[in-house]
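1. Sequence plus the predicted model coming up.
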Amino acid sequence: MGTLGPERLPPQTRTRTRHGTRHGTRHGTHPNTMTSAELLASADRDSSPPPGLPPLLAALWHARHGNWDSAHEIAQDIHSSDGSWVHALLHLIEGDTSNAAYWFARAGRPPVPTSQTDAEWLRIASHLCGS
């Protein structure tokens, strides 16, 4: 548990939104599942992910909790730009920057340095949670 890299995640203060299914329900999230701050808190404190967590949020939960293999197993089977983005993060966490760059490109996102791993986790979580 703890940080994913050398930088600390900034506190998340945005509240839950009720914007519908902007990011879809199959792999990403469903409306009002939880905020990115709640996901972060759960991964840092709980021994298992919340029940019913959509797959990409579960992958982020496992990544933050230190279960890289579980996170990768989930993300590698989701063939969407959001799935590629989470997959990129996972390779960034393991330090495989060339593989991470490939997955960032597949996601249509610019690559980020390993020093930004925690901030990227939060960007992805905020995107998927809609918060």
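-> Happy to help now that I have it. Numbering: from 1, shown residues only.
2. so how many other residues sit close to Arg123?
-> Residues lying near Arg123 (other CB atoms under 10 Å) number 16. The C-beta positions use only the backbone N, C-alpha and C, and glycine is treated the same way.
3. I'd like the distance between it and Ser36.
-> As defined by CB to CB, to the nearest Å, Arg123 lies at a distance of 9 Å from Ser36.
4. Likewise for Trp103?
-> 20 Å.
5. With Leu92 instead?
-> For Leu92, the distance to Ser36 - CB to CB - is 18 Å.
6. Stretch 47-64: how far from the chain's middle?
-> Distance of stretch 47-64 from its chain centroid, counting by CA atoms, centre = their mean, to the nearest Å, is 9 Å.
7. swap in stretch 75-93?
-> With CA atoms, centre = their mean, you get 9 Å for stretch 75-93.
8. buried set for that stretch?
-> 75, 78, 80, 82-93 (16 or more other CB atoms under 10 Å).
9. which two in those residues are spaced the farthest apart?
-> Of all pairs drawn from the buried residues of stretch 75-93, the greatest distance, 19.7 Å, lies between Ser80 and Ile93 (CB to CB).
10. and which of the buried residues of stretch 75-93 is nearest to Pro55?
-> Ile78 (6.2 Å).
11. burial measure for the closest residue to Ser81 other than its chain neighbours, as a count.
-> The shortest distance from Ser81 to any non-neighbouring residue, by CB to CB, 6 or more residues apart in numbering, is to Ala107 (4.9 Å). As a burial measure, Ala107 scores 20 neighbours (other CB under 10 Å).
12. Ok, the one 3 residues further on next?
-> As a burial measure, the neighbour count of Pro110 was computed by other CB under 10 Å and equals 8.
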